[in-house]
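[1] what follows is a protein structure lacking sequence information:
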Ligand code: LER
Ligand code: MN
């Protein structure tokens with residue numbers, strides 16, 4: 001398994017030279033600590049110069065295992081479950097833009113919070129079908145570009161649509177595309193799964209990415225999750241992709257990144 005850390009990139013990182021300098025500093029920290037990759041949470045992929053970003057990653061010998069899309073929901077309200085068709089089209093357009101960027105960077109696109117929440121006047125069934133239809137539409141582009149989408153179960157306090165691996169597998173079965181796979185996040189699993197190890201075994205065939213965070217969203221080792229057991233099961237199911245730390249930058253990004261790699265390296 002390879003290790004990465006997720007980095008939230010502000011828009012300025014791609015729009016101003018000062019922002020780009022700060023981004024470079026983060027790449028230098030992550031590379032210096034010995035990580036294999038850096039996952040990038042990006043608000044608007046259309047402002048990113050993918051060639052420049054690819055070269056930056058290459059310079060620091062970092063892979064980009066995934067592009068995170070949640071900020072497009074948090075900052076711009078873009079969502080697959082939006083009751084308004086035009087809003088859903090905007091979310092689909094944004095995900096297609098993410099896929100274009102992902103194709104240039106040779107990476108996958110996370111479908112996490114961007115699927116949205118159930119609207120006040122929408123039933124669970126309706127929201128489910130809205131998300132399914134949007135995923136179907138996006139999967140045609142995913143196929144054309146050869147880019148995978150990684151559907152992430154998220155805990156109930158952030159969305160009611162797809163909280164568990166079982167629900168993600170059901171959605172993927174209904175979408176019927178080889179380009180929609182599953183990823184998990186240990187923080188969400190801790191809140192939603194009856195057994196984290198059994199859920200990982202169920203996800204095995206379609207598992208393409210793993211977010212790691214402890215029970216409190218802090219660096220692994222700072223809460224009460226059993227990472228020894230989690231890594232054992234990931235080895236058992238022959239998962240060889242990334243463990244990507246999506247953690248609170250506490251007390252700061254550099255120290256949280258150091259704690260994570262020090263802790264996980266001993267378990268790998
Ligand atoms: C949000 O809690 C999360 O885990 C993100 O990866 C979803 O976009
Ligand atoms: Mn996550």
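    Received it, and whenever you're ready, just let me know what you need. Small disclaimer: the values here were computed from a predicted structure and weren't measured. Ligands and ions are numbered 1, 2, ... in the order given.

[2] how far away is residue 224 from residue 193?
    To residue 193, residue 224 is 15 Å away according to C-beta to C-beta, to the nearest Å. To be clear about C-beta, it is placed using only N, CA and C from the backbone, and glycine gets the same treatment.

[3] now do residue 96
    The value you get for residue 96 to residue 193, if C-beta to C-beta is used, is 31 Å.

[4] re earlier: more neighbours: residue 224 and residue 193, which one.
    Taking neighbours as other C-beta atoms under 10 Å, residue 224 and residue 193 compare with residue 193 leading, 21 against 8.

[5] need the residues of the stretch 51-200 of the chain near ligand 1, please.
    Within the stretch 51-200 of the chain, the positions near ligand 1 by C-beta under 6 Å from any ligand atom are 68, 70, 110, 112-113, 152, 154, 158, 185.

[6] leaving out sequence neighbours, find the closest residue to residue 11.
    Excluding the flanking residues, the one nearest residue 11 by C-beta to C-beta, 6 or more residues apart in numbering is residue 43, at 5.4 Å.

[7] wait, the one you found touches residue 72, no?
    Yes. Contact criterion C-beta atoms under 8 Å: residue 43 and residue 72 qualify, at 6.1 Å.

[8] give the buried residues for the longest strand seen in the chain.
    Secondary structure of the chain per DSSP state E: the longest strand is strand 2-9. For strand 2-9, the neighbour count (16 or more other C-beta atoms under 10 Å) marks 3-9 as buried.

[9] tell me which of those is nearest to ligand 1?
    Nearest to ligand 1 out of these is residue 6 (C-beta to the nearest ligand atom; 7.6 Å).

[10] do I have it right that that closest one meets residue 68?
    Yes. Between residue 6 and residue 68 there is a contact at 6.2 Å, judged by C-beta under 8 Å.

[11] shared neighbours of those two, anything?
    Both residue 6 and residue 68 are in contact with 39-41, 246, where contact means C-beta atoms under 8 Å, 6 or more residues apart in numbering.

[12] now the two most distant members of those residues.
    Spatially, the most separated pair among those is 40 and 246, at 11.7 Å (C-beta to C-beta).

[13] overlap in contacts of the two?
    6, 68.
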